[in-house]
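Visitor: Sequence plus predicted model, see below.
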Amino acid sequence: MNRFASRVLPGLALGLVFGVAWAAEPKGLLETIRRHETLTSSVADNGDLNPYAVVVAPVSAGKILKDDVLVDNFNNISNLQGTGTTIIDYRPSTKQTTLFAKLPQKLAECPGGVGLTTAMTMLKSGWILVGSAPSTDGTTATKGDGCIIVLDANGQMVAAWSGPTINDPWGNMAVLDDGSSATLFISMAGFGLPGPDKLDPATGFPVRLHQATVLRLNLRIDAGKSPQIAAQTVVADGFSQRADRDNFLLGPTGLALGADGTLYVTDGLDNLIVAIPDALTRTTSAGTGRVVTQGGLLSWPLAMLYTPAGHLLVCNGKDGQVVEIDPVAGKQIYSQWIDSDQAQSPPGNGDLFGIALTPDGEGFYYVEDDMNTLVLGKRK
């Protein structure tokens, strides 16, 4: 199986049959992606692996140059989940990879320690925020509540935020940032979660809870000072979550903020994407929101981004496809196999996680967990 689109457009097929020298205009970004280039390994010098978050630097600050790509690791050298402590920095301009940050495994300010997740971003003020969903044995049986860690642009920790609204920050952050203030949306997937050995007798799987939330953090960023939480609001709750021996936990992972202030959230266990209206201004929870699309090409949707055309690109966790969605129309418009590793069934199962738009908006970066690599999907 190749890495091109998983289907041929009917209009293009008709043009080929009749020898017409035209092709239908692409319906979105994904149709234009024709090359997938492996850029670098995500494995850190201490052996950390299992890349999760992918973040493109919006500014130059400290050790980071604008457009650098930051990738963190969720596992340590023993491949235990919830124990990764490192962030690498890939520089597209030189094709060099360096270690940006290495945190201690045990951190007093972070309940349970450090296990870096997909919840990572870099602000225009140069600060990096990253979530921790820690464990000591690689399962939720020993998980801690975790925290959100604040790093400076040289990779040094300056603060860690924890508290009753923070429990295993999990999904990729959606961010609105004007420099002196920022609004973050982060899913919290650890509330009340038992270990993977506590099974539901009706299904045989670990028990499923409906306690996962999406937390909005309003940040104040004064010149020369680290970000401070000015306000916090749970804007959505009741999402499905459960422990999983192979994947640590399953819960809401993809977050993307639309131009109109609608927040889109992937719920992998229920195989759907929902919309949370008025996410920037609402003062109460919208519960699990409004269903945008469910099933179809989706197969355990994970990390997600918002394209310049107002579409969503979402990685599948149970196969190696990315799916493009028109959230206004509620339509799944295209899919593409970007990881066709035949060692998994179906191909690419469990390999995809983080995804981020390139600065020109014409491609995307993603990670392949099976190979511990950062990859670029582009037009040419």
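Guide: Yes, it's here.
Visitor: from here on, contacts and neighbour counts on C-alpha atoms
Guide: OK.
Visitor: Using the three-state scheme, assign F353.
Guide: strand (DSSP: H, G, I helix; E, B strand; the rest coil).
Visitor: Tell me how many other residues surround it.
Guide: F353 has 28 neighbours, counted by other C-alpha atoms under 10 Å.
Visitor: Where does pLDDT dip in this protein?
Guide: Residues of the chain meeting the criterion pLDDT under 70: 1-23.
Visitor: Quick check: phi and psi on the closest residue to P26 other than its chain neighbours?
Guide: Using C-alpha to C-alpha, 6 or more residues apart in numbering and skipping residues adjacent in sequence, the residue nearest P26 is T32, 6.9 Å away. Main-chain dihedrals, T32, degrees, to the nearest 10: phi -90, psi -10.
Visitor: From R34, how far out is V175?
Guide: 29 Å (C-alpha to C-alpha, to the nearest Å).
Visitor: neighbour count winner among these two?
Guide: V175 (19 against 16).
Visitor: can you give me the strands in the stretch 201-350 of the chain?
Guide: 208-220, 228-244, 248-250, 255-257, 263-267, 272-276, 290-294, 301-306, 312-316, 321-326, 331-337 (DSSP state E, counting those that start in this stretch).
Visitor: and what of the stretch 1-150 of the chain?
Guide: 35-41, 49-56, 69-75, 86-91, 96-102, 116-122, 128-132, 147-151.
Visitor: And those: which comes nearest L272?
Guide: strand 116-122 (18.9 Å; C-alpha to C-alpha).
Visitor: how far off strand 86-91 does that closest one point, in degrees?
Guide: 50 degrees (axes from the mean of the first three to the mean of the last three C-alpha atoms, to 10 degrees).
Visitor: From the contact counts, what lies against strand 116-122?
Guide: Other helices and strands packing on strand 116-122, by 3 or more C-alpha pairs under 8 Å, 6 or more residues apart in numbering; DSSP states H and E, are strand 49-56, strand 69-75, strand 128-132.
Visitor: Now with 10 Å, please.
Guide: strand 49-56, strand 69-75, strand 128-132, strand 147-151, strand 174-177, strand 181-188, strand 301-306, strand 352-357 (3 or more C-alpha pairs under 10 Å, 6 or more residues apart in numbering; DSSP states H and E).
Visitor: Between the two ends of stretch 150-157, what distance do you get?
Guide: End-to-end distance (C-alpha to C-alpha), stretch 150-157: 6 Å.
Visitor: list the buried ones in that stretch?
Guide: By 16 or more other C-alpha atoms under 10 Å, the buried positions in stretch 150-157 come out as 150-153, 155, 157.
Visitor: on that earlier part again, OK, contacts around the residue nearest to P26?
Guide: By C-alpha atoms under 10 Å, 6 or more residues apart in numbering, T32 lies in contact with 4-5, 25-26, 362-363, 377-380.
Visitor: Farthest-apart pair in those, please.
Guide: Top of the distance list for these (C-alpha to C-alpha): E25 and G377, 19.4 Å.
Visitor: Of these two, which one has the most company?
Guide: Using other C-alpha under 10 Å, the more surrounded residue of E25 and G377 is G377, with 22 against 11.
Visitor: how many neighbours does the residue lying closest to K198 once chain neighbours are set aside have?
Guide: Leaving aside its sequence neighbours, K198 sits nearest to P206 (C-alpha to C-alpha, 6+ apart; 5.5 Å). P206: 21 surrounding residues under other C-alpha under 10 Å.
Visitor: Kindly report the same for S187.
Guide: Neighbours of S187 (other C-alpha under 10 Å): 31.
Visitor: now N247
Guide: N247 - counted by other C-alpha under 10 Å - has 12 other residues nearby.
Visitor: same thing with Q232?
Guide: Q232: 16 neighbours (other C-alpha under 10 Å).
Visitor: likewise D200?
Guide: 11.
Visitor: Excluding covalently adjacent residues, which one is nearest to it?
Guide: D200 sits nearest to V207 (C-alpha to C-alpha, 6+ apart), 4.7 Å away.
Visitor: contacting residues for that neighbour?
Guide: Contacts of V207 (C-alpha under 10 Å, 6+ apart): 193-201, 241-244.
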